[in-house]
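Engineer: predicted model, plus sequence, below.
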Amino acid sequence: MVAGHVAAYLLLRGRIVSAVERDPVMAFATAGGIALAIFFAGGLVVGRLSPGRTIQEPAVAAVLGLLSIVGLQLLVGMINIFGLFLGTPFAFAMAYLGGWAGEKWQTAAERAAERRRS
């Protein structure tokens with residue numbers, strides 16, 4: 001999840017900076033939407049690939065990922081406390097939802113494999 005955030009930042013850095021100058025609300029909404037999509041995708045992958053019930057694991061990983069993002073922000077001298085407090089519940093929820101969807105996907109794949117064997 002952290003790698004996804006770093007990659008998105010590196011790919012979109014110039015575009016977001018110029019967009020902030022034109023329309024800051026839209027730029028921050030776009031950045032937030034990308035972040036939430038990354039947390040959902042991370043939860044989906046963990047929920048699909050991890051054996052057993054794994055719904056809560058992605059949500060806990062999302063919080064740990066946010067803490068590492070804050071650490072990266074501290075290293076570059078830029079910290080967003082408002083974004084952290086506002087974003088943590090949403091990141092947790094999106095990762096949890098992704099884990100739930102991944103778990104459903106995993107269960108469906110296991111049932112399909114079982115039907116093919118019988």
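Structural biologist: Yes, it's here.

Engineer: isn't Tyr96 up against Ala59?
Structural biologist: Yes: with contact defined as CB atoms under 8 Å, Tyr96 counts as touching Ala59 (4.0 Å). Where you see a C-beta, it was placed from the backbone N, CA and C, and this is true even at glycine.

Engineer: mind listing the shared neighbours of the two?
Structural biologist: Residues touching both Tyr96 and Ala59 (CB atoms under 8 Å, 6 or more residues apart in numbering): Gly43.

Engineer: and the helix or strand where Leu36 lies, what does it pack onto?
Structural biologist: Under the criterion DSSP states H and E, the helix or strand holding Leu36 is helix 24-49. With contacts taken as 3 or more CB pairs under 8 Å, 6 or more residues apart in numbering; DSSP states H and E, helix 24-49 sits against helix 2-22, helix 56-76, helix 81-117.

Engineer: Leu64 and Leu97, how far apart?
Structural biologist: According to CB to CB, to the nearest Å, Leu64 stands 17 Å off from Leu97.

Engineer: Ile38: which of the helices and strands packed on helix 24-49 is closest?
Structural biologist: For Ile38, the closest of the helices and strands packed on helix 24-49 is helix 2-22, at 4.1 Å, according to CB to CB.

Engineer: residue contacts, the one residue sitting closest to the centre of the chain?
Structural biologist: What sits nearest the mean C-alpha location of the chain, by CA atoms, centre = their mean, is Phe39, with 1.2 Å. For Phe39, the contacting residues are Met1, Ala62, Gly65, Ala91, Met94, Ala95, Gly98, by CB under 8 Å, 6+ apart.
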